[in-house]
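**Q** here is a sequence with its predicted model. Questions after.
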Amino acid sequence: MPGHSGARRLGRPRPGAAGYVLPGGPLFNNFRGQTGSDGRLALPGLIFVGDAVATTTPTFGRGVSTTLMQAGQLLRLLDEHGADTGTAAETFDAWCTEQIRPWVDDHVRMDEATRRRWAGQDVDLDRPLPSDLILAAGRADPGILGAARGYLTMTELPSSLRAVEPRARALYASGWRPDPAPGPGRDELAGIIGEALGAAPESSKVPVPAPA
Ligand SMILES: Cc1cc2nc3c(=O)[nH]c(=O)nc-3n(C[C@H](O)[C@H](O)[C@H](O)COP(=O)(O)OP(=O)(O)OC[C@H]3O[C@@H](n4cnc5c(N)ncnc54)[C@H](O)[C@@H]3O)c2cc1C
């Protein structure tokens, strides 16, 4: 990978050092608008798009879709506003807040709930169900999946799933839980990671930077 070569040339890379490359490292859920802290366009004449606006953790692989949706909308706005890039940027920003941000927020809710479950907690019925749990309930109640088509094809916003949340909630309240995905259990996985770490050469153990 070209991205790795610079880091290799520099010997053992350190986070933050020039040439430090961690492909896929900054895969956080993040939304950034076009404006600075003063609410004005951060760089008039330059319009941020794609991952520069929104990134989501790769649980669904949505980055290409959110990027292409933005590209299509931005091209429409540039056609509409011509040389008036300020108006195009502001209108694009409002559109991204309405149409793209909900996907980032959806991932934040799912990832936080997943983190709690991975830590051993049960499904939390005191909070809104995250989208992945609503979808999982579709295994026991196919009517839920039928209603999730717009969400799955991203032609409707995540809020569209709320219509079937009560059905999913009723299932979880009855004690039903989705079967875990096939694969190693927690202890087996810890063993595999331990073995891999033990076998890895010291020079390849790159410290992982703390999330920003
Ligand atoms: C490991 C990984 C797996 C992924 N899997 C999926 C998936 O399965 N499905 C999915 O939908 N999305 C996936 N994504 C996300 C998806 O790749 C991104 O959301 C998408 O590529 C963003 O498009 P973009 O055009 O905004 O940015 P990029 O595709 O990152 O394009 C930015 C381009 O700008 C170039 N560039 C950077 N700096 C400069 C500079 N100073 N001068 C000139 N050029 C520059 C870069 O080289 C790059 O070519 C994945 C991402 C990663 C990291």
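**A** Looks like it arrived, so ask away.

**Q** any buried residues in stretch 168-180, and which?
**A** Across stretch 168-180, burial judged by 16 or more other CB atoms under 10 Å covers 168-169, 171-172, 178. Placement of C-beta: from N, CA and C, glycine included.

**Q** typed the wrong thing, it's stretch 120-133
**A** 123, 129-133.

**Q** among the residues you listed, name the ones in helices.
**A** 131-133 (DSSP state H).

**Q** out of the buried residues of stretch 168-180, who's nearest the ligand?
**A** residue 178 (22.5 Å; CB to the nearest ligand atom).

**Q** so the closest one sits against residue 138, correct?
**A** No. Contact criterion CB atoms under 8 Å: residue 178 and residue 138 do not qualify, at 9.6 Å.

**Q** now distance to residue 61 too, for the ones in helices among the buried residues of stretch 120-133, in TSV please.
**A** Converted to TSV, those look like this (distance: CB to CB, whole Å):
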residue	distance to residue 61
131	14
132	13
133	19
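
**Q** turn the residues you listed into a markdown table, including pLDDT.
**A** Output for these, formatted as a markdown table (pLDDT from 0 to 100):
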| residue | pLDDT |
| --- | --- |
| 131 | 97 |
| 132 | 96 |
| 133 | 97 |
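
**Q** near the ligand, which of the residues you listed show up?
**A** Filtering those for proximity to the ligand by CB under 6 Å from any ligand atom leaves nothing.

**Q** for residue 32, state which of those residues is nearest.
**A** Closest approach to residue 32 among those (CB to CB): residue 131, at 22.3 Å.

**Q** what sits against that closest one?
**A** 106, 109-110, 151, 158, 161 (CB atoms under 8 Å, 6 or more residues apart in numbering).

**Q** pLDDT and distance to the ligand for those - can I get that in TSV?
**A** Formatted as TSV, those follow (pLDDT from 0 to 100; distance: CB to the nearest ligand atom, whole Å):
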residue	pLDDT	distance to the ligand
106	97	15
109	96	19
110	96	16
151	96	16
158	97	16
161	96	19
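
**Q** from the buried residues of stretch 120-133, which two are the most distant?
**A** 123 and 131 (13.3 Å).

**Q** which residue packs closest to the residue nearest the centre of the chain, ignoring adjacent ones?
**A** With distances taken as CA atoms, centre = their mean, residue 56 lies nearest the centre of the chain, 2.0 Å away. Residue nearest to residue 56 in three dimensions, not counting chain neighbours: residue 107, with 4.4 Å by CB to CB, 6 or more residues apart in numbering.
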